[in-house]
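S.K.: Got a sequence here, can you model it:
(2 chains)
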2 protein chains.
Amino acid sequence: MSESPVRPFAPDGDGYRWATVERKRYKEEGPARFRDITRQTLFRRPDMLGELRYFEVAPGGHSTLERHVHVHAVMVLRGSGAVLVGEGVFPVKPYDLVTVPPSTWHQFRASADAALGFLCMVDAGRDVPQVPDAGEIGRLRAIPAVASFLDTACD
Amino acid sequence: MSESPVRPFAPDGDGYRWATVERKRYKEEGPARFRDITRQTLFRRPDMLGELRYFEVAPGGHSTLERHVHVHAVMVLRGSGAVLVGEGVFPVKPYDLVTVPPSTWHQFRASADAALGFLCMVDAGRDVPQVPDAGEIGRLRAIPAVASFLDTACD
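M.R.: Numbering: from 1, shown residues only, chains lettered A, B, ... in the order given. Predicted coordinates:
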């Protein structure tokens, strides 16, 4: 018997979840700089060219500051926070759309008091993210709004 | 000046909407059998292989009964209703995931009292949908749950 075409939404006390979808903590996967973020891959199939994932950043947490050639097409689903895209910082709320263009520094940060959950569509075939070196971080920090965003208290 | 990376969610009295995203009524686009459904393309870019669209079916309305080789990867966003996938009928609620496999008859129906809104990820390159001929409709109607679904009062 194949999997049902419908996989129910089944949140638990620890966040948004779906039946039969595995939730992975980022800290299990690599050394990049992030804090309190989980990933659930909602759709990934050999007969589709795109993938859809759900990320959830705990209150005060953030995703990795990174860039890559592949594009992120994001829709916020829950909570609130702010995103860095390139040299701009933007507040986000549920259902806002965020486009991360190719080779653009980006990071998602949750508010101190609410988890930030978002969908992210990507191409199934994609390049490995890069993290900034000290020089890049210095260039980003020269932009006051970016420095303030990166210094949001959470560590 | 290029478009902002964030496009705010901006619902109006007539449903979910996003800044700068055009909303199209299906009835403007073709002769297929559907009722009270709109489409907004949230992400479609030449540098992505997938697209993300948002469909909203008015209370009592439905999408076209159709099939095609390309896959639909769906997340319900609002409302309630039911979906036909192949020979099965399934109730759906917000954030449920629906997979429509290749070459599988499918239709989305909104409840009588609530609009049904859902995201749908597809490959940017995809085949044209087919609608059922009388013989196919007869075969589908031979399944009691499907006949009941197709006869949901809305016309």
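S.K.: where do the helices sit along chain A?
M.R.: A:134-141, A:144-150 (DSSP state H).
S.K.: just checking, which of these sits deepest inside the structure?
M.R.: Across these, averaging neighbours per residue (mean count of other Cβ atoms under 10 Å in any protein chain shown) puts helix A:144-150 on top, at a mean of 15. No exception for glycine: its C-beta is placed from N, CA and C like everyone else's.
S.K.: And it, what does it pack against?
M.R.: Helix A:144-150 sits against strand A:81-85, strand A:88-92, strand A:106-110, helix A:134-141, with contacts defined as 3 or more Cβ pairs under 8 Å, 6 or more residues apart in numbering or on different chains; DSSP states H and E.
S.K.: Could you export the ones you listed to JSON lines, including columns for mean pLDDT and distance to residue B:73?
M.R.: JSON lines is the format used below for the helices and strands packed on helix A:144-150 (pLDDT from 0 to 100; distance: least, Cβ to Cβ, whole Å):
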{"stretch": "strand A:81-85", "mean pLDDT": "98", "distance to residue B:73": "24"}
{"stretch": "strand A:88-92", "mean pLDDT": "97", "distance to residue B:73": "23"}
{"stretch": "strand A:106-110", "mean pLDDT": "97", "distance to residue B:73": "22"}
{"stretch": "helix A:134-141", "mean pLDDT": "96", "distance to residue B:73": "34"}
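S.K.: Minimum distance to residue B:106: which of those has it?
M.R.: Of all the helices and strands packed on helix A:144-150, strand A:88-92 sits nearest to residue B:106, with 32.1 Å by Cβ to Cβ.
S.K.: now the closest one and strand A:81-85, what's the angle there?
M.R.: 150 degrees (axes from the mean of the first three to the mean of the last three Cα atoms, to 10 degrees).
S.K.: buried residues in strand A:88-92?
M.R.: A:89, A:90, A:92 (16 or more other Cβ atoms under 10 Å in any protein chain shown).
S.K.: now, which of the residues you listed sits nearest chain B?
M.R.: residue A:90 (4.3 Å; Cβ to the nearest Cβ).
S.K.: what's the nearest residue to that closest one if we skip its chain neighbours?
M.R.: Excluding its sequence neighbours, the residue lying closest to residue A:90 (Cβ to Cβ, 6 or more residues apart in numbering or on different chains) is residue B:6, at 4.3 Å.
S.K.: For that neighbour, name its beta-bridge partners.
M.R.: residue A:98 (DSSP bridges).
S.K.: Beta-bridge partners for residue A:73, please?
M.R.: As assigned using DSSP bridges, the partners bridged with residue A:73 are residue A:99, residue A:121.
S.K.: Now do the contacts for it.
M.R.: By Cβ atoms under 8 Å, 6 or more residues apart in numbering or on different chains, the contact list for residue A:73 reads A:97, A:99, A:120, A:121, A:122, B:42, B:43, B:45, B:48, B:50, B:52.
S.K.: Show me which of the residues you listed are buried.
M.R.: The buried subset of those - by 16+ other Cβ under 10 Å - is A:97, A:99, A:120, A:121, A:122, B:42, B:43, B:48, B:50, B:52.
S.K.: Let me know the distance separating residue A:4 from chain B.
M.R.: Relative to chain B, residue A:4 is positioned 7 Å away (Cβ to the nearest Cβ, to the nearest Å).
S.K.: Count the neighbours of that residue for me.
M.R.: A count of nearby residues for residue A:4, using other Cβ atoms under 10 Å in any protein chain shown, gives 14.
S.K.: before we move on, what about the one 10 residues further on?
M.R.: As a burial measure, residue A:14 scores 11 neighbours (other Cβ under 10 Å).
S.K.: Could I get the contacting residues of the residue nearest to residue A:50 when sequence neighbours are not counted?
M.R.: Distances taken as Cβ to Cβ, 6+ apart place residue B:50 nearest to residue A:50, at 2.3 Å, with adjacent residues excluded. By Cβ under 8 Å, 6+ apart, the contact set of residue B:50 is A:48-51, A:73, A:121-123, B:43, B:121-124.
S.K.: who's in contact with the closest residue to residue A:44 other than its chain neighbours?
M.R.: Leaving aside its chain neighbours, residue A:44 sits nearest to residue A:51 (4.6 Å; criterion: Cβ to Cβ, 6+ apart). Contact analysis of residue A:51 by Cβ under 8 Å, 6+ apart lists A:41, A:43, A:44, A:121, A:122, A:123, A:124, B:50.
S.K.: Can you name the residues bridging to residue A:51?
M.R.: Going by DSSP bridges, residue A:51 forms beta bridges with residue A:122.
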